[in-house]
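K.L.:
sharing a model that was predicted from the sequence below.
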Amino acid sequence: MGVLSGIKNAVAFLTILNVGMDKDGLVQAAKYMPVFPVIGAIIGFIAGVSVWMLEVILPRLIAGMLGLGVLLLVTGAQHTDGLLDFGDAIMFHGSREDKIRIMHDPQTGAGGLSLGLVVLTTTAIAISEVHRGIAIQTLVASEAAAKFALLLQAAVGRSAFTGINTVFVNSMHGRLRWVRVASAFGVLALLSVPTLQVAGVASVIISVLTASAMLAISNSQFGGVTGDVLGATNDVTRLISLIGILVFSKWL
């Protein structure tokens, strides 16, 4: 399959955009993980434009909440599902096997609900606090950072069990692993630093640190990476990136 087909499958995996996924689309999406930050930037651009327009007619907090809604809508909230499952598993006292079993439970418990509430509510507030003049740049950078964190985690981590996560981990552990990571890192920097300067640098660094921290937690709790860990990493990285941009944007 060609490059365009691989990118199409990556878009189909990360969004609800009706581009169509091929029969082996998951494998193709994993193969093209280095383009994830670009797709994240597109998602962030859509949400950023929405927030920029909504703030003209609505209070900032409501615009921020609706901006988060756009992110969840475009991505199909698939990563947020992982966040909730991750929260349930982390809060459960038991063996790694028991935690993974809890993670696979379709019902959301108090741990998942609490973590999801904190992360999503704070994300909406953070979006609302971003100056309208850099709303688009901020959403582009934070979403690109979130997607790079997934790639880095897959490249460095190991699978806790055989599943969807294994497809991505195995793909990123293949030939030219660090070249692929470096190219994606370069793209992330180009998407963040020129427009946000110091705040963009902070967002890039936060992406690496958050991916590393989440990987350490998942190794300790589950013995490796799972699909839900990747999903949780996306949402947590987005939030911390937004906070970092808010803190450092005073230097813009």
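P.N.:
Yep, that arrived.
K.L.:
from now on I want contacts and neighbour counts done on CA atoms only, so please keep to that.
P.N.:
Noted.
K.L.:
give the contact list for Leu4.
P.N.:
By CA atoms under 8 Å, 6 or more residues apart in numbering, the contact list for Leu4 is empty.
K.L.:
what about it, which helix or strand?
P.N.:
For Leu4, the host element (DSSP states H and E) is helix 3-14.
K.L.:
may I see the buried residues of that helix?
P.N.:
Going by neighbour count (16 or more other CA atoms under 10 Å), the buried part of helix 3-14 is 5-14.
K.L.:
look up phi and psi at Ser159.
P.N.:
phi -70, psi 140 (degrees, to the nearest 10).
K.L.:
likewise for Leu176?
P.N.:
Main-chain dihedrals, Leu176, degrees, to the nearest 10: phi 60, psi 40.
K.L.:
that one: neighbour count?
P.N.:
10 (other CA atoms under 10 Å).
K.L.:
relative to Thr162, how far out is it?
P.N.:
From Leu176 across to Thr162, the span is 23 Å (CA to CA, to the nearest Å).
K.L.:
what's the answer for Val140, then?
P.N.:
32 Å.
K.L.:
the two: who's more crowded?
P.N.:
Counted by other CA under 10 Å, Val140 and Thr162 do not tie: Val140 has more neighbours, with 27 against 9.
K.L.:
now do the same for that one: its pLDDT.
P.N.:
Here the pLDDT value assigned to Val140 is 97.
K.L.:
Three-state assignment for it, please.
P.N.:
helix (DSSP: H, G, I helix; E, B strand; the rest coil).
K.L.:
same check, this time on Thr162
P.N.:
Reduced to three states by three-state DSSP, Thr162 is coil.
K.L.:
could I get the full set of helices for the stretch 51-200 of the chain?
P.N.:
Under the criterion DSSP state H, counting those that start in this stretch, helices of the stretch 51-200 of the chain are mapped to 60-75, 78-91, 96-104, 110-129, 135-156, 164-172, 177-196, 198-222.
K.L.:
cheers, nothing more for now.
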